[in-house]
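A.B. asks: need a structure here:
(chains A and B)
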Amino acid sequence: MRLELRDIRHIYSPGAPFEIEALRGVSLAVEPGEVLGILGGTGSGKSTLVQHMNLLLEPTSGDVLVDGADAATLKKSELRRRVGLVFQFPEAALFAPTVAEDVAFAPRRLGLDEDEVERRVTESLKLLGAEHLKDRSPFALSGGEQRRVAIAGVLAMGPEVLVLDEPASGLDPAAREDLLRLIRTLHNTGTSVVLVSHDTDEVAEVADRICVLEKGEVRAIGSPSEVFYTNPEFAPATVQAVAALGEAAWNAGRPVRFDETLRALAQLMEG
Amino acid sequence: MSGSVLRTLADPGSISCESLTYSYPGAVEPALSGVTFEVRAGEYVGVVGPNGGGKSTLLRLLNGLLVADSGIVRIAGRDPTAEPFEVRRRVGMLFQNPENGLVAPFVEDDVAFGMENLGVPHEEMHVRVREAIRAVGLSGYERREPHTLSGGEKQRVALAGLLALEPEILLLDEPTSMLDAAGRRDVMDRMRGVRGEKTILHVTHHLGELLDADRVLVLNGGKLVADVSPERLVLDADLLTGNRLVLPPLSRLATGLGLAATKQRTPEELAQEIRESIRKRTAAR
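C.D. replies: Residues are numbered from 1 along each chain as shown, chains lettered A, B, ... in the order given. Below is the predicted model of the structure:
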């Protein structure tokens, strides 16, 4: 699926004395099968933006297009199945007595037969490395495990685009690594992923393209090396170090991921 | 050991724990077992370790949200389960997910909420609210509705509400988890501003935030596995890997290039060191 946002504006509390223009005309596309990273500081409009991707929020003006067709003409339930949204701290919504029941909730509501529901539950939990948790209570799990179960619940809907809003926030470094691996796995299965984060290191590791939001506008969009080396202020500290080398690093290329950066700099130092 | 508790009795900002053990109902393994440590008034102590290691459980036991199965907790010499109000007046706690804490229609009401409960006079409340909102860099947000704020802004509102209460002890459970690098620096600078005045226990996954802490406690599997200076922690590869701790990317990059791990540096400083090392190599040829 190709998901396109055209000139999206969003105003909170319109007409009120404290109305806030959270998005000021944002245009971007999520290409089929890509990992799109959305970076931006606190209050830049990231979360508001992604809630337009399945019309959980309606734009004040502008259009959302699914494969070229106006998303507003699709059934809401259909749209929300195809574009799965995982909120910040999704584990807050866990409710069922077992993990398997929790993950089964959404696909069951799609009206799928029980065999299919079970197949999807097993498959999603497996993809997330959480199969062994299926009979446990979601409330007895660690933070990282709960996060994975909550994501499995959305994956079980079989979305074509998976939107993750700050999925690693609060996870320890090991659980965060697991999550980044999961994003790569999903990428290989052809699911498009939108990764929203304030953490440039995280986005640098997995994104095919990056969009930087600032005060409700697109400040930069393109490949990670293009965006980071043109706007080092948004880049990970490791990329900033390469950029700060200037001419001294002219033959180091434009490394972005941590391993690439380490390799390039080590070569530079060895000569 | 019991002597240590007595020694801190009169100290308003002190924390002490002895053989603290707690299991969640129905859990096979205890979430915390035999944890003993002491924090003096004005100390800034980091708490790190993997998810499920017992960090959040510890904070909840300290302010009486949970009751220990066995062991002793003393906050300023008081038992939080026996004197919950006395203790909570002294202890401010900031949770990881700011959504859970925001209750009022406007930001300023939210910041004032805790003080209203404590019966702070109106005049004084206004002053403290304004000051706290300014301190977290949200001046101009007084009449914003919390639901229109981003996660990071909500986190700062929660922090303002906490600071307005003027507690002696701050228990912070990943107070910067939703903040970008600039917001994180802001909050950390604010923490540095109250350093020495307040006792701070700071739970985080970002070791980089604790490089200037007085001490770091490492919790894993419910046990206190280390109580060390940050300088020692960053050099102890076994302690780091054994507890799934990761240095900030820039420090890892420096170590990977054979440069010292201890130093806190900016990207520009690292670039300078690399240039230096290239120059030395070329000169040696």
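A.B. asks: Tell me how far B:Pro267 lies from chain A.
C.D. replies: Summarising the geometry, the distance separating B:Pro267 from chain A, computed by C-beta to the nearest C-beta, to the nearest Å, is 4 Å. Heads up, the C-betas are built off the backbone N, CA and C, glycines and all.
A.B. asks: so the closest residue to that residue other than its chain neighbours is in which element?
C.D. replies: Among residues not flanking B:Pro267 along the chain, A:Gln240 sits closest, at 3.6 Å (C-beta to C-beta, 6 or more residues apart in numbering or on different chains). Here A:Gln240, judged by DSSP states H and E, is contained in helix A:237-245.
A.B. asks: Following that helix in sequence, what is the next regular element?
C.D. replies: The first helix or strand that comes after helix A:237-245 along the chain, using DSSP H and E, is helix A:258-270.
A.B. asks: Can you list the buried residues in that following helix?
C.D. replies: Within helix A:258-270, the residues that qualify as buried are A:Phe258, A:Glu260, A:Thr261, A:Leu262, A:Ala264, A:Leu265, A:Leu268, A:Met269, counting by 16 or more other C-beta atoms under 10 Å in any protein chain shown.
A.B. asks: And those, which is closest to chain B?
C.D. replies: Nearest to chain B out of the buried residues of helix A:258-270 is A:Leu262 (C-beta to the nearest C-beta; 4.7 Å).
A.B. asks: and the residue in the stretch 51-200 of chain A that chain B sits nearest to, what does it touch?
C.D. replies: When distances are taken as C-beta to the nearest C-beta, the stretch 51-200 of chain A approaches chain B most closely through A:Ser142, which lies 3.3 Å from it. Residues near A:Ser142 by C-beta atoms under 8 Å, 6 or more residues apart in numbering or on different chains: B:Asn51, B:Gly52.
A.B. asks: Phi, psi for it please.
C.D. replies: phi -70, psi 170 (degrees, to the nearest 10).
A.B. asks: I'd assumed A:Pro14 was in contact with A:Lys59.
C.D. replies: That one is not Lys; residue A:59 is Pro. No. A:Pro59 is not in contact with A:Pro14 according to C-beta atoms under 8 Å; the separation is 11.9 Å.
A.B. asks: So which of those two has more stuff around it?
C.D. replies: Regarding A:Pro59 and A:Pro14, a neighbour count based on other C-beta atoms under 10 Å in any protein chain shown identifies A:Pro59 as having more, with 21 against 10.
A.B. asks: Which of the helices or strands spans the more buried one?
C.D. replies: Element membership of A:Pro59, judged by DSSP H and E, is empty: it is in no helix or strand.
A.B. asks: and it, how far is that from A:Asp70?
C.D. replies: Using C-beta to C-beta, to the nearest Å, A:Pro59 is found at 12 Å from A:Asp70.
A.B. asks: do B:Pro105 as well
C.D. replies: Distance from B:Pro105 to A:Asp70, counting by C-beta to C-beta: 35 Å.
A.B. asks: try A:Ile151
C.D. replies: A:Ile151 sits 29 Å away from A:Asp70 when distances are taken as C-beta to C-beta.
A.B. asks: cool, B:Leu224 as well?
C.D. replies: Distance check for B:Leu224 against A:Asp70: by C-beta to C-beta, it reads 58 Å.
A.B. asks: Hmm, A:Leu182 is touching A:Lys126, no?
C.D. replies: No. Shown here, A:Leu182 and A:Lys126 do not form a contact pair, counting by C-beta under 8 Å, at 11.3 Å.
A.B. asks: Those two: which has the busier surroundings?
C.D. replies: Comparing A:Leu182 with A:Lys126 by neighbour count (other C-beta under 10 Å), the higher total belongs to A:Leu182, at 22 against 13.
A.B. asks: picking up where we left off before, more neighbours: which of A:Ile151 and A:Asp70?
C.D. replies: A count of neighbours by other C-beta under 10 Å puts A:Ile151 above the other of A:Ile151 and A:Asp70, at 25 against 10.
A.B. asks: what does the stretch 51-200 of chain A put close to chain B?
C.D. replies: Taking C-beta under 8 Å from any C-beta of the partner chain as the contact definition, the stretch 51-200 of chain A meets chain B at A:88-89, A:92, A:137, A:140, A:142-145, A:166, A:169-176, A:198-200.
A.B. asks: among those residues, which are in strands?
C.D. replies: Residues from those lying in strands, with DSSP state E as the criterion: none.
A.B. asks: Any quick PyMOL command for the buried ones out of these?
C.D. replies: Provided next is the PyMOL selection string for whichever of these are buried by 16+ other C-beta under 10 Å:
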select buried, chain A and resi 88+89+143+144+145+166+169+170+171+172+173+174+175+176+198+199+200
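A.B. asks: rewinding a little: find residues that contact each of A:Leu182 and A:Lys126.
C.D. replies: Shared contacts of A:Leu182 and A:Lys126 (C-beta under 8 Å, 6+ apart): none.
A.B. asks: now B:Leu259, what's its secondary structure?
C.D. replies: coil (DSSP: H, G, I helix; E, B strand; the rest coil).
A.B. asks: wait, what's in contact with the closest residue to it other than its chain neighbours?
C.D. replies: Of all residues beyond its chain neighbours, the one nearest B:Leu259 is B:Glu273 (5.7 Å), with distances taken as C-beta to C-beta, 6+ apart. Listed by C-beta under 8 Å, 6+ apart, the contact set of B:Glu273 reads B:Ala254, B:Leu259, B:Arg265.
A.B. asks: cutoff 10 Å now
C.D. replies: Remark: with contacts taken as C-beta atoms under 10 Å, 6 or more residues apart in numbering or on different chains, B:Glu273 is in contact with A:Ala241, A:Met269, B:Ala254, B:Leu257, B:Leu259, B:Ala260, B:Lys263, B:Arg265.
A.B. asks: Convert stretch A:94-106 to CSV, retaining C-alpha atoms only.
C.D. replies: Below are the C-alpha coordinates for stretch A:94-106, written out as CSV (Å, rounded to 0.1, in the frame of the first residue of the first chain):
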residue,chain,number,x,y,z
LEU,A,94,-3.6,-4.6,27.9
PHE,A,95,-6.7,-6.0,29.6
ALA,A,96,-7.3,-9.7,29.0
PRO,A,97,-6.5,-12.6,31.5
THR,A,98,-3.9,-14.1,29.2
VAL,A,99,-1.5,-12.8,26.5
ALA,A,100,-3.2,-15.0,23.8
GLU,A,101,-6.6,-13.6,24.7
ASP,A,102,-5.3,-10.1,24.5
VAL,A,103,-3.7,-10.5,21.1
ALA,A,104,-6.8,-12.3,19.8
PHE,A,105,-9.1,-9.5,20.7
ALA,A,106,-8.7,-7.3,17.6
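A.B. asks: Thanks a lot, catch you later.
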